[in-house]
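A.B. asks: Fold the following and give me the result.
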Amino acid sequence: MYTVVGCRNCRSLWTVEGRPETTRCPRCRSRYRFEKLRGFAETETTEAAARVRSAMLAERADDGEFVDPREIDIDDVGMDEVAFLTASGVDAEAVAAAEARADGESARSRSRKRVVLDGLSELEEPTAAELTAYATAAGVPEEYVERAIGKLRETGEITRTEEGYRKL
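C.D. replies: You can find the predicted model right below:
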């Protein structure tokens with residue numbers, strides 16, 4: 001939970017995460033007990049709290065009047081991602097395509113060690129043969145799997161049981 005709060009001395013607004021015992025104004029450095037501060041808005045995400053704070057500051061700048069932030073629909077504050085990219089001169093569709101490619105590549109491009117460790121997590125106490133089969137299906141050479149098992153045992157990350165290997 002994130003709360004937008006304000007300083008009584010300098011009228012600065014800032015966002016506080018959780019419910020700390022005290023918080024300090026980032027501008028004038030005054031310290032306040034959190035429970036004594038007036039929370040203008042509570043949100044689930046830091047982005048939503050930032051949008052509320054921005055809307056409050058913009059409202060102050062526009063006409064000098066203060067608007068109760070509970071009346072502000074935070075989904076209507078600021079630009080969405082596509083509008084921001086377009087206003088910045090960036091092709092939003094190209095960004096979405098690149099993001100999709102990156103997500104797909106990161107799922108496929110695990111390190112060889114990560115593949116072996118994933119095999120240990122996904123297979124229940126696998127034998128060396130089962131672990132090798134899992135890793136070679138993911139493109140890891142058989143020789144590497146044998147070396148990795150040895151190193152992981154030496155460093156104490158895995159142990160060998162009667163049934164097979166397991167992570168510690």
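
A.B. asks: Just after the helix or strand bottoming out on mean pLDDT in the chain, pick out the following helix or strand.
C.D. replies: Within the chain, no helix or strand scores below helix 92-108, which has a mean of 71 by mean pLDDT, DSSP states H and E. Heading C-terminal from helix 92-108, the first helix or strand you meet, by DSSP states H and E, is helix 112-122.

A.B. asks: Pull out the buried residues from stretch 130-148.
C.D. replies: L131, T132, Y134, A135, V140, Y144, V145, A148 (16 or more other Cβ atoms under 10 Å). For every residue, glycine as well, the C-beta is placed using N, CA and C.

A.B. asks: The last one touches V116, doesn't it?
C.D. replies: The reference is to A148. Yes: at 4.6 Å, A148 counts as touching V116 under the criterion of Cβ atoms under 8 Å.

A.B. asks: any idea how far stretch 37-46 is from the chain center?
C.D. replies: Distance, stretch centre to chain centre, for stretch 37-46: 19 Å (Cα atoms, centre = their mean, to the nearest Å).

A.B. asks: residues of that stretch that come out buried?
C.D. replies: So for stretch 37-46, counting by 16+ other Cβ under 10 Å, buried means L37, G39, F40, A41, T43.

A.B. asks: model confidence over that stretch, on average?
C.D. replies: Throughout stretch 37-46, pLDDT has a mean value of 88.

A.B. asks: quick one, what contacts V115?
C.D. replies: V115 makes contact with Y134, A135, A138, G139, V140, according to Cβ atoms under 8 Å, 6 or more residues apart in numbering.

A.B. asks: give me that answer again for 10 Å
C.D. replies: Each residue near V115 by Cβ atoms under 10 Å, 6 or more residues apart in numbering is listed here: L131, Y134, A135, T136, A137, A138, G139, V140, Y144, V145, A148.
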